[in-house]
Structure formats: structure tokens, C-alpha cells
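Engineer: missing the sequence, but the structure's below:
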């Protein structure tokens, strides 16, 4: 069902059956998916759990958690007002050609059909936003302004420079000439007749219908959208898999920020000769020798860190993935307003490796001392290791291999930033300061995400808090805060998952003593896919008992 409902996701995974279509985002499509998910929940709850094996009980639990999360997410109605400068159609559509390979004429026809469908998708998106606006639901102004800027940049370029036409440059020597001409014509006509005019309509719509009602910087949170407080409570559970009060996340973030600040002061004295945190942060932000000077340096550092991590993991993990991971530079159309980096999973059919996408724009604003922690989180031993292993697990249904709870996925990535220090992967104490800054950054997320979406913080309050409590550069902090505005609740997953994995590891170490094996522990954590955190507790608990 997930593949049919989200065809782009299917293509990312290497399932090519739906390459010719896009998600149905109309109210009718949303209702149809909700009914399908509700039917799955109903059938699951009717199963007598006592008749199931332990493995099947876990599958039932995971399916119920994911299905209920899908219903909760859909009930929030985010499609009715969200304007997304990070992953909206003006970005995602331009990225599609990078993972939708064209090897046969059939795949070429499917691409042309999907390109044609993009115009209708954008019209449906605008219709959703129009219905939301009629109910007083609007995106934050900063998100609308950034999306407008992206659309202007795209439309200012010649069509032949757009990524949509990049597949035309691929050689197809084994195709008959008439097929090559047909493919070129289909893709060109779809781009000029469907995509271009639709993006122009979208730009005009945002300027005239959305921007005038968009929420100002003083009201960036979802709490200022009708129905927002209830939606935020649902989203916190969707992303963390835990039913916890918003205030609990906020307090945990404050405690973690205070703890990490203490560690930063100790390490700052060792590296810079001072425990004064404002002076430490000022040095980290103003000493230009600590920053990259070229895009090539940013990419080279990422490749070096990934290479060293690959060499080190056999001592720390029993199970290793077959799929490789490579470094890829973000392209111009997304890098300006994107995050520092992200990971794109490998194709299940082996046609594409896992990809660590690194933002190399404005290299003079990107600190060298953060690069290693970033690489270990996004690639190895972080996202690539966890996601590739899950994809290659045998005997599990596909939904457990290819999807999972955000708190597990991002919690694992953050956990591995600290694990990398145990593995001896950080080059210096300065790089360890970068790791602490990143840890504080994720703790800040708990504070500022709940601050904006539940406590009425302004965008400027969120930026100021992060400036005082992490060493991230100002431009990165601004992009991060705008990301939290766009994706309410998602930022809570990182620290929540990391703290749970660390707590389970400490408990296992204490209970097992000398019998504790770090390789076996990691295999136990990763051996069932990205499960809900409560299920992970049972998995690690059972593993611990089995070792006694």
C-alpha cells in the first residue's frame, strides 16, 4: 500500500512499478488512504496475539504503531497549509531524475508520463492550500518567501538547464533511433508544457493568495494554525513513537543543554585555554582558520571521514551491509535553503548505492570541526549502516525493512556521533568540540521545537537560543529553525531516540558486566529494523536475558 500511495518513495527504493505516477494528494486520495489504513488497523486488532510467535507479535506491534501514526499524521491536515522550502515539489521534483534511472524505453516512457503528471500535482497542491486559506490556515511567512525565491531562481534559468531534461544527455546506444527521438520529444514536451507553466502558476499563487495571509516571524508555530495544538500533540507521537507530554520534551532538552554546556566548557579549556562558553563559541564562529575555503575541501573531508569509518566498523558490528555508501554533493537548486546534509537510502535492486548528500555551498561558513560528526551521523556508522542493514534483513515483511519510526532512525544517527568517539574516529579534540556542539544542537531542538509550536516562541527567540547554546554558524541555525517551523515535531525524534538507545545500553552493560559484547549489542539493536522505542526496549531486554 505504501508504494502505491507514495510512488516517488517506491522509486527511491528501486521498485520501478510506479515510475509513471505521483501521489494523489486530493482530499479524495487522502480519504482513500485513511480508509485503507483504518482497515489494516482493524484487521490487526482482530488477530489473537496469543496465537502468534514472538517474531509475529513484534511485526503486529510495529504495523499497528506505523498505521496509527499514518492516520494521526493524515488527520493533522498539513497538506492544507504547508509550504515547504526544503522538500516541497519545487525541490523534490528537481531531485527525481537523480534516482529515477532510465535504462529501457519503457522506463523512459514512464518518466515522461510522471513529468506530465507534475503539472496536475502542483494544481492539486494549490487547491489544498486554497482550501486551507479559506479556513484561516497559512504557512509561516519565512517558508513562503523561501519557496518563492526558489521558484524565481528556477524560472529565471533556461528550460534546457533544468534537471528535468538532464536524462536527455544519457547515452542509449542500444535503442533504435526512433525510440531515442520519442523519448527526447516526450520529456521535452512534458517539461515545457506541464512543469514550466505549473511552476509559474504556483509562484503566482503563493505571491497573491498565500503570502498576504502568511504567519509573521512572531507566530511561526503550528499552535497559531486552527487546530494546531491538537495536531502538534499528534505529531510528537508520530515522530517519537512515545505518548509523552510536550512539557516533558522541553524539560529534557533544557537538562541536556545544561549537561552538554558543562562538557563543552571542560573541553574548551583544553583546546582554547578558557572555560568561558561565550568566548569558546565566539572563537569557534570567528576564527576563519577553522572553516573550509572551498567546496572541494568540504567534499574531501566528508569522503575521508566516510572512508575511515568504513575501515573501523568490523570491530564494532557483527552484521555489515552489502550496499555501499558514497558522498554526493547537493545540487544548486536545493543547497541554498537546505540543511547541512542528508542521507538517501540505496535502491533495493542494487542499482544505486546509499548516498551521503553534503551541502558544499558557502564553504567559508562551514566549520571543519563539525564535518566529522556530520559524516558519521549521515553515513557510517549512522544512517547508512542502520538503513542498509534493515533493507537486507531476511524474513521480515517489506514495511519493516524499508520504513520505520523516526525516533529510531534519527536516534541511531545521533547515538553514533558519540559512538564514533569510542571508535577513535575523531581526529582531534577540536573535532570532539564539534561533536558536542552537534549534541547540543539536537538538545536545542527539543527546546525550540516545543518552544515555537507549543509555547509561543518567535522565530528570533529560537535562533537566539541556538546561537547561545551551540557552535553552529548563524546561517545554519537560521536554516535549521526554519526547518523546525516547516516540519513540526520531527526535530524531537533525534534526542528522544538517542537517549533511549544510550539508556538501554547502560542497562545491558550493568546487567551483563563482562559478558557485555558491544558488537552483539549493536546487532541486537539493528537486527529488527527501525522499530518503535517501546518495542526496542523489549528486544534489548530479551537479548540481555539471553546472554546471562
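Structural biologist: That came in fine, so what should we check first? These numbers were taken from a predicted model, which means no experiment stands behind them.
Engineer: and residue 395, how far is that from residue 1?
Structural biologist: 21 Å (Cβ to Cβ, to the nearest Å). C-betas here are computed from N, CA, C, even on glycine.
Engineer: what about residue 400, helix or strand, and which?
Structural biologist: Under the criterion of DSSP states H and E, residue 400 resides in helix 398-402.
Engineer: what is the helix or strand just after that helix packed up against?
Structural biologist: Next helix or strand after helix 398-402 toward the C-terminus (DSSP H and E): helix 406-422. Judged by 3 or more Cβ pairs under 8 Å, 6 or more residues apart in numbering; DSSP states H and E, helix 406-422 is in contact with helix 228-240, helix 371-378, helix 383-391, helix 429-454, helix 493-512, helix 533-547.
Engineer: 10 Å - rerun?
Structural biologist: In terms of contacts (3 or more Cβ pairs under 10 Å, 6 or more residues apart in numbering; DSSP states H and E), helix 406-422 is packed against helix 228-240, helix 295-312, helix 371-378, helix 383-391, helix 429-454, helix 493-512, helix 518-526, helix 533-547.
Engineer: buried sites along the helix holding residue 400?
Structural biologist: Neighbour counts using 16 or more other Cβ atoms under 10 Å place 399, 400, 401, 402 of helix 398-402 among the buried residues.
Engineer: between these, which is nearest residue 108?
Structural biologist: Of all those, residue 108 sits closest to residue 402, with 25.6 Å by Cβ to Cβ.
Engineer: got a list of what the residue lying closest to that closest one once chain neighbours are set aside touches?
Structural biologist: Nearest in space to residue 402, with sequence neighbours left out and distances taken as Cβ to Cβ, 6 or more residues apart in numbering, is residue 13 at 5.6 Å. Counting by Cβ atoms under 10 Å, 6 or more residues apart in numbering, residue 13 makes contact with 2-3, 99, 345-349, 352, 391, 398, 401-403.
Engineer: what's the separation between residue 13 and residue 390?
Structural biologist: From residue 13 over to residue 390 the distance is 12 Å, taken as Cβ to Cβ.
Engineer: same deal with residue 294?
Structural biologist: Counting by Cβ to Cβ, the separation of residue 294 from residue 390 is 36 Å.
Engineer: quick one, which of the two is more surrounded?
Structural biologist: Taking other Cβ atoms under 10 Å, residue 294 and residue 390 do not tie; residue 390 has more neighbours (24 against 11).
Engineer: I figured the more buried one hits residue 405, correct?
Structural biologist: No. Counting by Cβ atoms under 10 Å, residue 390 stays clear of residue 405, with 11.6 Å between them.
Engineer: mind listing the shared neighbours of those two?
Structural biologist: 529, 530, 531.
Engineer: any idea of the pLDDT on residue 235?
Structural biologist: Residue 235 is assigned 98 on the pLDDT scale.
Engineer: list the contacts for the nearest residue to it once chain neighbours are set aside?
Structural biologist: Residue nearest to residue 235 in three dimensions, not counting chain neighbours: residue 489, with 3.3 Å by Cβ to Cβ, 6+ apart. Residues in contact with residue 489 (Cβ under 10 Å, 6+ apart) are 73, 76, 222, 231-240, 246, 249, 406, 449-450, 453-454.
Engineer: need the pLDDT of residue 334.
Structural biologist: Confidence score, pLDDT, at residue 334: 84.
Engineer: do the one 3 residues further on as well
Structural biologist: The predicted local confidence for residue 337 comes out at a pLDDT of 74.
Engineer: how about the one 10 residues further on?
Structural biologist: As predicted, residue 347 sits at a pLDDT of 88.
Engineer: domains for this structure, by residue range?
Structural biologist: 2-219, 235-292+311-320+365-497 (automatic domain parsing).
Engineer: deepest in the core, which of the ones you listed is it.
Structural biologist: domain 235-292+311-320+365-497 (a mean of 21; mean count of other Cβ atoms under 10 Å).
Engineer: measure it end to end?
Structural biologist: One end of domain 235-292+311-320+365-497 sits 15 Å from the other (Cα to Cα, to the nearest Å).
Engineer: same deal with stretch 387-401?
Structural biologist: 8 Å.
Engineer: how far does that stretch sit from its chain's centre?
Structural biologist: Offset of stretch 387-401 from its chain centre (Cα atoms, centre = their mean, to the nearest Å): 19 Å.
Engineer: all strands for the stretch 251-400 of the chain, in order.
Structural biologist: For the stretch 251-400 of the chain, the strands defined by DSSP state E, counting those that start in this stretch occupy 325-329, 341-344, 354-358.
Engineer: what's the last one packed up against?
Structural biologist: The one in question is strand 354-358. helix 295-312, strand 325-329, helix 332-335, strand 341-344, helix 371-378, helix 383-391.
Engineer: for residue 230, see how far away the residue nearest to residue 463 when sequence neighbours are not counted is.
Structural biologist: Distances taken as Cβ to Cβ, 6+ apart put residue 481 closest to residue 463, at 5.3 Å, once the chain neighbours are dropped. Residue 481 sits 23 Å away from residue 230, going by Cβ to Cβ.
Engineer: residue 293 too?
Structural biologist: 49 Å.
Engineer: repeat that for residue 311.
Structural biologist: For residue 311, the distance to residue 230 equals 49 Å [Cβ to Cβ].
Engineer: the residue lying closest to residue 45 once chain neighbours are set aside in helix, strand or coil?
Structural biologist: Distances taken as Cβ to Cβ, 6+ apart place residue 64 nearest to residue 45, at 7.4 Å, with adjacent residues excluded. Using DSSP: H, G, I helix; E, B strand; the rest coil, the structure places residue 64 in helix.
Engineer: my guess is residue 64 contacts residue 38, does it?
Structural biologist: No. In this structure, residue 64 is not within contact of residue 38 by Cβ under 10 Å, at 12.0 Å.
Engineer: look at residue 425 and report its pLDDT.
Structural biologist: Per-residue confidence at residue 425 stands at 98 (pLDDT).
Engineer: ignore the last one, residue 480
Structural biologist: 93.
Engineer: for the stretch 51-200 of the chain, just list every one of the helices.
Structural biologist: Along the stretch 51-200 of the chain, the segments classed as helices by DSSP state H, counting those that start in this stretch run 54-75, 89-95, 105-134, 141-156, 177-190, 196-205.
Engineer: those into CSV, with extra columns for mean pLDDT?
Structural biologist: Below are those laid out as CSV (pLDDT from 0 to 100):
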stretch, mean pLDDT
helix 54-75, 95
helix 89-95, 96
helix 105-134, 97
helix 141-156, 97
helix 177-190, 94
helix 196-205, 98
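Engineer: between these, which gets nearest to residue 516?
Structural biologist: For the helices of the stretch 51-200 of the chain, proximity to residue 516 was assessed by Cβ to Cβ; helix 54-75 is nearest, at 22.8 Å.
Engineer: centroid-nearest residue for the chain?
Structural biologist: Residue closest to the mean C-alpha point of the chain, counted by Cα atoms, centre = their mean, is residue 342 at 6.5 Å.
Engineer: check contacts around that residue.
Structural biologist: Counting by Cβ under 10 Å, 6+ apart, residue 342 has contacts 86, 87, 330, 334, 355, 356, 357, 358, 359, 378, 383.
Engineer: let's see that with 6 Å instead.
Structural biologist: residue 357 (Cβ atoms under 6 Å, 6 or more residues apart in numbering).
Engineer: that one and residue 308, how far apart?
Structural biologist: Taking Cβ to Cβ, one finds residue 342 at 21 Å from residue 308.
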